[in-house]
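Student: This is a predicted model, with the sequence first.
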Amino acid sequence: MEIIFMNSYLRALKKIKNADLILDLNKAIENVENAVTFSEILNVKKLSGFSNCYRIKVNNYRIGLVLDNNVITFVQFEHRKDIYKKFP
């Protein structure tokens, strides 16, 4: 699987100051990179109403993903109360 990081995702990462959150986020990204199939990714859930949008839980934060033809695009990273205002 190919992985793409959008600028909106990278900008959100620059704002993180919590070291524990950064470690958990790195574990989640490694999990996605090491997965052979999409079903092997931990804590992923399909968003209802959207055919190719998913989210991954990382503590109280969420990663917004889009899956298209074995290409995973990391779109957004926000607190759980804000993610669904910006993604999808």
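Tutor: Looks like it came in fine. Numbering: from 1, shown residues only.

Student: switch to C-alpha atoms for all contacts and neighbour counts from now on
Tutor: Noted.

Student: which residues pair with the residue positioned nearest the centre of the chain across the strands?
Tutor: To find the centre residue of the chain, average its C-alpha atoms and take the closest one (Cα atoms, centre = their mean): that gives residue 63, at 2.8 Å. With beta bridges defined as DSSP bridges, residue 63 has these partners: residue 56, residue 77.

Student: Identify the single longest helix in this structure, thanks.
Tutor: Among the elements of the chain assigned as helix by DSSP state H, the one spanning the most residues is helix 19-34.

Student: which secondary structure elements does the helix or strand bottoming out on mean pLDDT in the chain contact?
Tutor: Lowest mean confidence among the helices and strands of the chain (mean pLDDT, DSSP states H and E): helix 83-86, at a mean of 92. Of the remaining helices and strands, those touching helix 83-86 by 3 or more Cα pairs under 8 Å, 6 or more residues apart in numbering; DSSP states H and E are strand 71-79.

Student: Could the C-alpha coordinates of the strand it packs on be exported in CSV?
Tutor: Extracted C-alpha coordinates of strand 71-79, given in CSV (Å, rounded to 0.1, in the frame of the first residue of the first chain):
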residue,chain,number,x,y,z
VAL,A,71,-3.5,4.4,-1.6
ILE,A,72,-3.9,5.7,1.9
THR,A,73,-4.0,9.4,2.2
PHE,A,74,-3.6,11.0,5.7
VAL,A,75,-5.8,14.1,5.4
GLN,A,76,-6.3,15.5,8.9
PHE,A,77,-5.2,15.1,12.6
GLU,A,78,-7.3,16.9,15.2
HIS,A,79,-8.8,16.4,18.7
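
Student: That one - what's its average pLDDT?
Tutor: The average of the pLDDT scores along strand 71-79 is 96.
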